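> Show me how the following folds:
(4 chains)
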2 protein chains.
Amino acid sequence: MSQERMVGPLDRSIGYTLKQAATAENVAMDSELRPLGLTVSQYSCLELLRQNPGTSNAELARGAFVTRQSMNEVLRGLQERGLVARADTVAQGRARPAELTPAGQSLVVEASRAVARVEQRMISSLSESDRGRLLGDLKSLIESLS
Amino acid sequence: MSQERMVGPLDRSIGYTLKQAATAENVAMDSELRPLGLTVSQYSCLELLRQNPGTSNAELARGAFVTRQSMNEVLRGLQERGLVARADTVAQGRARPAELTPAGQSLVVEASRAVARVEQRMISSLSESDRGRLLGDLKSLIESLS
DNA sequence: TGACTCATGTCAGTATCCTGACACATAATG
DNA sequence: CATTATGTGTCAGGATACTGACATGAGTCA
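As a prediction, the model looks like this:
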């Protein structure tokens, strides 16, 4: 008779703790990126372009887990600052590939180092095998929700 | 000579995968809560009040990982909908304790069941020991960043 | 060919969350 | 007692991300 389970104590909940961890990561990244004049979203865009030059706006949006509209605005801001270049005409299709300018390239290197330090600090208390296992568990969560 | 490490491939990055998992969780929760007329933030507020009646706005904000200002707005919306009640005068101090109304109580029960189903689905592929270990690892990440 | 589907880019409007600022209440400290 | 520090509630403004909508280009299929 409607005896369905509800959410239990939050400090025992993986979902709640997952959100807490993601928030902590976001705060830590923000405090490192702010001095470089970048938001987390802007950095995400630049990092994706660093690792995969020529990515389109829609692909960047998926990679940063935001909508096309949001990424479009991010991309436009970076373009106005001369960090990213997009071809205004394209030979095939509708997607316009984006690339880093030299200025964007050197800035993302700085930012990427700062973020790498955050990640190293974040996982500093885990062993190498812990890290591999944790990565796999997180991917399991994602897979189960998809 | 500035040989500092940058962020590696994203599918090997715990930080990136953590964000991806948190986003997937948020999307799944949103799609379950939307039919009940609740946003994730509104649900978070109600769930915190369900598990800890009489919590103040500032405490709720910390528990939901948002600012006092944001939570204040959430709380006001819930109050206007008759789901939450706050004493307008208080005997001691400045904090005004909030509580669920009967309507809020029955709605949060529905919402909490829906969210519990999401969490069960999310962790369905992990064993009991996996879950305990994952929870500990996530807490380690948080602790290392604090 | 023409209709349909799908992915993309973009505009407009809205919702949500943030930072900055100020006032009030309490406790600690000189 | 006065001052300071800390925690709280709230107002104002701005930044960011979202939903909805529309047009464009490419592929599919009757």
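
> My read is that residue A:112 contacts residue B:8, right?
No - look at residue A:112 against residue B:8 with C-beta atoms under 8 Å: they stay out of range, at 9.5 Å. Glycine gets a C-beta too; all of them are placed from N, C-alpha and C.

> Below-threshold pLDDT in chain A: ranges please.
Within chain A, the ranges that satisfy pLDDT under 70 run A:1-3.

> what about the helices in chain A?
Using DSSP state H, the helices found in chain A span residues A:14-33, A:40-51, A:57-64, A:68-80, A:102-122, A:128-145.

> In terms of neighbours, single out the busier of residue A:112 and residue B:8.
Between residue A:112 and residue B:8, counting by other C-beta atoms under 10 Å in any protein chain shown, residue A:112 is the more crowded of the two (20 against 13).

> any idea how far DNA strand D is from the more buried one?
Using C-beta to the nearest atom of the strand, to the nearest Å, one gets 18 Å for the distance from residue A:112 to DNA strand D.

> Show the contacting residues for that residue.
A:47, A:50, B:6, B:7 (C-beta atoms under 8 Å, 6 or more residues apart in numbering or on different chains).

> I'd say the first one and residue A:115 touch.
Yes - with the criterion set as C-beta under 8 Å, residue A:47 and residue A:115 qualify as a contacting pair; they are 7.5 Å apart.

> Spell out which residues are contacts of both of those two.
Joint contacts of residue A:47 and residue A:115 (C-beta under 8 Å, 6+ apart) are residue B:7.

> Of the two, give the one with the bigger neighbour count.
residue A:115 (26 against 21).

> what's that one in contact with, if anything?
Here residue A:115 is in contact with A:29, A:32, A:33, A:43, A:47, B:7, B:15 (C-beta under 8 Å, 6+ apart).

> can you count the residues close to the third one?
Think residue A:33. Using other C-beta under 10 Å, residue A:33 has 21 neighbouring residues.

> For chain A, list the residues in contact with DNA strand C, please.
A:56, A:57, A:58, A:59, A:68, A:69, A:72, A:94, A:95, A:96 (C-beta under 7 Å from any atom of the strand).

> Got a quick PyMOL command for the buried subset of those?
A single PyMOL command selects the buried members of the residues of chain A next to DNA strand C (16 or more other C-beta atoms under 10 Å in any protein chain shown):
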select buried, chain A and resi 56+57+59
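
> Quick one: residues contacting residue A:19.
B:22, B:25, B:26, B:65.

> Could you check how far it is from residue B:40?
As judged by C-beta to C-beta, to the nearest Å, residue A:19 and residue B:40 stand 9 Å apart.

> Now the common contact residues for these two.
residue B:26.

> residues in chain A within reach of DNA strand D, list them.
A:39-41, A:65-67, A:69-70, A:73-74, A:92-94.
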